[in-house]
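Peer 1: Got a predicted structure here, sequence first:
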Amino acid sequence: MPPPEHLEPAKRDPKRLRRTAFALVGIMILGGILVLTAYEKFADTKVDDTRPAIIHRITKERDLRVIRQDGQTADLFDLRGKVVAINVLDSTSPATSGISNRVMHRLSEKHAANPDFALVTLVVNPLPAEHAATNLKSIASQLAIELPQWWLATNEPKTLHKFIKNELKATTFPHPSDAGWQFDTSIYLLDKQGHLRRAVIPQKNGGTPYVSPFDFDQAANWDNQGTKTGTANSNVEQLEIILTETIDTLLAESATTP
């Protein structure tokens, strides 16, 4: 269809087009500078932010049901509203979690009178269902793991191992090997809302803070390699201090803090 006869083609003004182009480029550059400046200001505020990092939240739908050393069935969700320290144990070789077990005992003693703090040790190796309660009671007695503050608990392997990997964000999926059970021996920390939390450690030379898991075996390896902390403490000792401070921070938070 031909255009109406009274319409004339627009006349291009090269100078005006160039001015418009330069104006648009200027706006884009200015916008980029403003965004970068805002980001740098935001990053500066985070460099010294040592609030424990939120890694994940365990919802009721993804909760873990366990049997405890008293033979009772319970849900981890029953501990919601408390700060919870969790570690994993091979009942046939407790020494595998030796460092984290000792730290858990010190935490138990430190917070013995605090109803807002609880501990859970999950037994990673399968226990015969018909003898699970009896075995757990015996293991708990040997390791001085006492209710109501500290649960020794387990579930059938498939459910338990999936929970440890997917919800606790373990670095290793629990599995047997010729050397015994392989699993992440870290201590996992849940806040009062069921968030998995880790320590945030500012870097001395600036930059993004380090989000630290509470992996005491790794800290022990660093000590064996001669890695220094910059303090009078070993890596294991320093990590325990950080864990204790993180727990104190989480205990001070309200149960309704988002």
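Peer 2: Now that the structure is in, tell me what you want to look at.
Peer 1: drop to CA atoms for contacts and neighbour counts, all remaining ones
Peer 2: OK.
Peer 1: which stretches of the chain aren't confidently modelled?
Peer 2: 1-12, 17, 31-50, 206, 257-258 (pLDDT under 70).
Peer 1: neighbouring contacts of the helix or strand where residue 121 lies?
Peer 2: Applying DSSP states H and E as the criterion places residue 121 in strand 117-123. Strand 117-123 has contacts (C-alpha atoms under 8 Å, 6 or more residues apart in numbering) with 79, 82-91, 104, 108, 111, 149-154, 251.
Peer 1: List the beta-bridge partners for residue 212.
Peer 2: residue 199 (DSSP bridges).
Peer 1: Could you count how many residues lie near it?
Peer 2: Residue 212 has 16 neighbours, counted by other C-alpha atoms under 10 Å.
Peer 1: Residue 52 too?
Peer 2: 21.
Peer 1: for it, what are its contacts?
Peer 2: Residue 52 neighbours (C-alpha under 8 Å, 6+ apart): 197-200, 246, 250.
Peer 1: Next one: it from residue 214, what distance?
Peer 2: From residue 52 across to residue 214, the span is 12 Å (C-alpha to C-alpha, to the nearest Å).
Peer 1: Mutual contacts of those two, please.
Peer 2: 198-199.
Peer 1: can you confirm residue 196 is in a strand?
Peer 2: Yes: counting by DSSP: H, G, I helix; E, B strand; the rest coil, residue 196 is part of a strand.
Peer 1: Okay, and the beta partners of the nearest residue to it once chain neighbours are set aside?
Peer 2: In space, and not counting its chain neighbours, residue 196 is closest to residue 190: 4.7 Å by C-alpha to C-alpha, 6 or more residues apart in numbering. Under DSSP bridges, the beta-bridge partners of residue 190 are residue 84, residue 196.
Peer 1: Give the pairing partners of the strand holding residue 121; include direction for each.
Peer 2: Short version: by DSSP bridges, strand 117-123 pairs with strand 83-89 (parallel), strand 150-154 (parallel).
Peer 1: quick one: secondary structure of residue 55?
Peer 2: Under three-state DSSP, residue 55 falls in the strand class.
Peer 1: For it, give its distance to residue 198.
Peer 2: 7 Å.
Peer 1: For the two, indicate the residue with more neighbours.
Peer 2: Between residue 55 and residue 198, counted using other C-alpha under 10 Å, residue 198 has the larger neighbour count: 24 against 14.
Peer 1: I would like the residues contacting the helix or strand residue 217 falls within, please.
Peer 2: Using DSSP H and E, the element containing residue 217 is helix 216-224. With contacts defined as C-alpha under 8 Å, 6+ apart, helix 216-224 is touched by 99-100, 185-187, 228, 234-236, 239.
Peer 1: just so I have it, where are all the strands in this protein?
Peer 2: Listed in chain order, the strands of the chain (DSSP state E) span 53-57, 65-68, 73-75, 83-89, 117-123, 150-154, 175-177, 180-182, 188-190, 195-201, 210-212.
Peer 1: Now render those as TSV, adding distance to residue 255.
Peer 2: Listed next are the strands of the chain as TSV, based on distance: least, C-alpha to C-alpha, whole Å:
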stretch	distance to residue 255
strand 53-57	14
strand 65-68	22
strand 73-75	18
strand 83-89	9
strand 117-123	12
strand 150-154	20
strand 175-177	35
strand 180-182	35
strand 188-190	12
strand 195-201	11
strand 210-212	23
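Peer 1: For residue 21, find the nearest of those strands.
Peer 2: Counting by C-alpha to C-alpha, residue 21 lies closest to strand 210-212 out of those; the figure is 44.0 Å.
Peer 1: who touches the closest one?
Peer 2: Contacts to strand 210-212, defined as C-alpha under 8 Å, 6+ apart, come from residues 53, 198-203.
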